[in-house]
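>>> Make a model of this:
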Amino acid sequence: MCRPDTLGPSEHFRKRTMHNPKPKIIFFDIDDTLYRKYTDTLRPSVTEAVNALKSKGILTAIATGRPYVAMPAKVRALAEEAGIDLLLTINGQFIRHNGSVLKTFPLRRENIAALCADLDGLGIAHAFVSNDNIAVSEPLPEVEKAMRHILPQHPVDKDFFRSNDVFQILGFYGKEYDARVDALAAKYGFRTVRWHETGVDILDIEGSKARGIRTAAAALGIDIADTMAFGDGLNDIEMMKAVGFGVCMGNGHPDTQAAADYVCPTVEEDGVYNGLKALGII
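All right, here's what the predicted structure looks like:
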């Protein structure tokens with residue numbers, strides 16, 4: 001394992017504060033933060049970093065847009081073997097602490113039905129995200145392309161939401177539909193965040209990793225100032241702003257980097273390990 005330990009805070013430091021944080025809990029995004037989904041890679045330094053945090057009594061947490069059923073096997077193994085304390089999944093809509101459900105934020109069925117009827121009118125395929133499954137409305141090529149690295153094997157069921165708690169909807173469409181879908185989503189109390197060229201998260205207008213983190217921190221008796229997070233994508237921007245100290249990966253979206261306190265090296269450069277090291281946390 002090779003780690004660029006020469007990288008220091010002066011080379012990556014960004015924005016709000018000029019002191020090293022002392023977090024009580026750290027939240028980690030999965031895709032392109034802990035793990036590269038397109039190569040199924042979780043670098044050994046990630047396990048080393050989590051173990052080092054645990055040895056210092058710092059709680060560790062996953063904060064991902066994925067439901068538990070779609071967590072990669074390597075990340076699940078990390079969570080179990082390293083004893084990650086908290087799982088915040090589906091962009092903060094499902095929170096589990098030490099194996100027990102702490103809080104959930106299911107969507108209202110009548111709002112799902114209304115939005116999906118309008119999506120059908122536009123010819124837009126969609127999917128329903130529960131904790132245990134992701135059901136797609138129809139198996140179109142753009143759907144399967146977006147789902148390939150999330151949950152390749154999934155049911156086709158347009159009525160899945162009628163008998164299952166759904167915490168998020170996925171829309172499968174290109175950017176040319178963004179304005180129309182954004183307006184429809186807002187009408188029913190939803191908002192959108194793009195994560196793929198043909199994939200968009202549609203979630204409750206109040207829903208985000210930030211809300212999930214605030215909920216979890218309050219339940220655990222941790223001041224939000226004592227929280228920290230690592231992320232890379234557009235769905236991590238609110239998380240960067242909500243926590244006491246936000247770290248964006250060097251491979252992260254420019255808007256997410258701008259919202260962070262600190263930009264660490266890339267995944268391939270063992271960014272999580274080296275970021276924690278440079279900040280004096282491990």
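>>> how about the CA coordinates for stretch 131-148, as CSV?
The C-alpha coordinates for stretch 131-148 follow below in CSV (Å, rounded to 0.1, in the frame of the first residue of the first chain):
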residue,chain,number,x,y,z
ASN,A,131,-34.4,-0.2,2.7
ASP,A,132,-34.6,-3.8,1.3
ASN,A,133,-35.1,-3.3,-2.4
ILE,A,134,-35.2,-1.0,-5.4
ALA,A,135,-38.1,-1.7,-7.8
VAL,A,136,-38.1,-0.1,-11.3
SER,A,137,-41.2,0.9,-13.2
GLU,A,138,-39.8,-0.6,-16.5
PRO,A,139,-36.5,-2.2,-17.5
LEU,A,140,-35.5,0.3,-20.2
PRO,A,141,-31.8,0.6,-21.4
GLU,A,142,-31.2,3.9,-19.6
VAL,A,143,-32.6,2.4,-16.4
GLU,A,144,-30.4,-0.6,-16.5
LYS,A,145,-27.3,1.5,-17.4
ALA,A,146,-27.8,3.7,-14.3
MET,A,147,-28.7,0.7,-12.0
ARG,A,148,-25.8,-1.5,-13.2
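>>> and the end-to-end length of stretch 186-204?
With Cα to Cα, to the nearest Å as the measure, the ends of stretch 186-204 fall 9 Å from one another.
>>> How far off centre is it?
Computed by Cα atoms, centre = their mean, to the nearest Å, the separation of stretch 186-204 from the middle of its chain amounts to 14 Å.
>>> Could you give the average pLDDT over it?
Throughout stretch 186-204, pLDDT has a mean value of 94.
>>> Please apply the same query to stretch 64-75.
96.
>>> How about stretch 230-243?
Mean predicted confidence for stretch 230-243 is 96.
>>> Using neighbour counts, pick out the buried residues of it.
230-240, 242-243 (16 or more other Cβ atoms under 10 Å). Using the backbone N, CA and C atoms, a C-beta is placed for each residue, glycine as well.
>>> How about the backbone phi and psi for the residue nearest the centre of the chain?
The residue at the geometric middle of the chain, judged as the C-alpha nearest the mean C-alpha position with Cα atoms, centre = their mean, is T64 (2.5 Å). When read as degrees, to the nearest 10, the backbone of T64 gives phi -130, psi 160.
>>> OK, contacts around it?
Taking Cβ atoms under 8 Å, 6 or more residues apart in numbering, we find T64 in contact with 29-31, 71, 88-91.
>>> out of those, who has the most neighbours?
Neighbour counts for the contacts of T64, by other Cβ atoms under 10 Å, peak at N91, which reaches 30 neighbours.
>>> Look up how far G280 lies from that residue.
Separation of N91 from G280 (Cβ to Cβ, to the nearest Å): 30 Å.
>>> and if you look at R214?
For R214, the distance to G280 - Cβ to Cβ - is 26 Å.
>>> quick one, which of those two is more surrounded?
The residue with more neighbours, out of R214 and G280, is R214; 16 against 11, by other Cβ under 10 Å.
>>> Let me know whether the more buried one touches G244 as I believe.
No: using Cβ atoms under 8 Å, R214 is not in contact with G244, being 11.6 Å away.
>>> where do the contact lists of those two overlap?
Joint contacts of R214 and G244 (Cβ under 8 Å, 6+ apart) are I224.
>>> buried residues in stretch 252-266?
252-253, 256-257, 259-266.
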